[in-house]
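**Student:** Just the structure for this:
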Amino acid sequence: MSQKVKIQYTVDLQDLHVEVRRLTIKALDTLKEKANDCSFDKASDVLSPKMIDELDDVRKTLAEVDHALSEVMEIINSYLLFRNQSSTQAPEELNSESNIDPNVLAQRLNSFKKMMAAQEAPDEDPD
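**Tutor:** Below is the predicted model of the structure:
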């Protein structure tokens, strides 16, 4: 089995259903292709090394498809969580950052600057 690497990429929210459908169809097509490629028939010797190889290959494909479908489920679950959070959050909560008093922001910024300056100042030697 080949090595895997986890990647992230961005999809517009309006295109998410297209991407989920594409990933699902790809996984299911892989499964169908593997099922069609199996040369097992009634005349095959099921107690043979060839059968072991075929079954092992099918199991590897099943694992790949299972992993792909698991990732699709994660995407769907994340979307549903996002949608539920967005719909339950009040509009005033969404804009709470813009409702902060500019004077309070200025005070916080000055405090932060002083803290950063104090951390950057070299320590004095106790000689």
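**Student:** next one: phi and psi at residue 5?
**Tutor:** phi -130, psi 140 (degrees, to the nearest 10).
**Student:** Output the below-cut-off pLDDT ranges for this protein.
**Tutor:** 1, 42-43, 90-99, 118-127 (pLDDT under 70).
**Student:** biggest helix in it by residues?
**Tutor:** helix 49-88 (DSSP state H).
**Student:** Could you list the buried residues of that helix?
**Tutor:** Under the neighbour-count criterion of 16 or more other Cβ atoms under 10 Å, helix 49-88 has 54, 58, 61, 64, 65, 68, 72 buried. Heads up, the C-betas are built off the backbone N, CA and C, glycines and all.
**Student:** Counting neighbours, what do you get for residue 27?
**Tutor:** 19 (other Cβ atoms under 10 Å).
**Student:** can you dump the C-alpha coordinates of whatever helix or strand it lives in into PDB?
**Tutor:** Assigned by DSSP states H and E, residue 27 falls within helix 16-37. C-alpha atoms of helix 16-37 as PDB (Å, rounded to 0.1, in the frame of the first residue of the first chain):
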ATOM      1  CA  LEU A  16     -18.900  22.000  -1.000                       C
ATOM      2  CA  HIS A  17     -21.700  19.700  -2.100                       C
ATOM      3  CA  VAL A  18     -20.000  19.300  -5.400                       C
ATOM      4  CA  GLU A  19     -16.700  18.400  -3.800                       C
ATOM      5  CA  VAL A  20     -18.400  15.900  -1.300                       C
ATOM      6  CA  ARG A  21     -20.200  14.300  -4.200                       C
ATOM      7  CA  ARG A  22     -16.900  14.100  -6.200                       C
ATOM      8  CA  LEU A  23     -15.100  12.400  -3.400                       C
ATOM      9  CA  THR A  24     -17.900  10.000  -2.700                       C
ATOM     10  CA  ILE A  25     -18.300   9.000  -6.300                       C
ATOM     11  CA  LYS A  26     -14.500   8.500  -6.600                       C
ATOM     12  CA  ALA A  27     -14.500   6.200  -3.600                       C
ATOM     13  CA  LEU A  28     -17.500   4.200  -4.800                       C
ATOM     14  CA  ASP A  29     -16.100   3.900  -8.400                       C
ATOM     15  CA  THR A  30     -12.900   2.500  -6.900                       C
ATOM     16  CA  LEU A  31     -14.900  -0.100  -5.100                       C
ATOM     17  CA  LYS A  32     -16.900  -1.000  -8.300                       C
ATOM     18  CA  GLU A  33     -13.700  -1.200 -10.400                       C
ATOM     19  CA  LYS A  34     -12.200  -3.600  -7.900                       C
ATOM     20  CA  ALA A  35     -15.300  -5.700  -7.800                       C
ATOM     21  CA  ASN A  36     -15.300  -5.900 -11.600                       C
ATOM     22  CA  ASP A  37     -11.600  -6.700 -11.800                       C
END
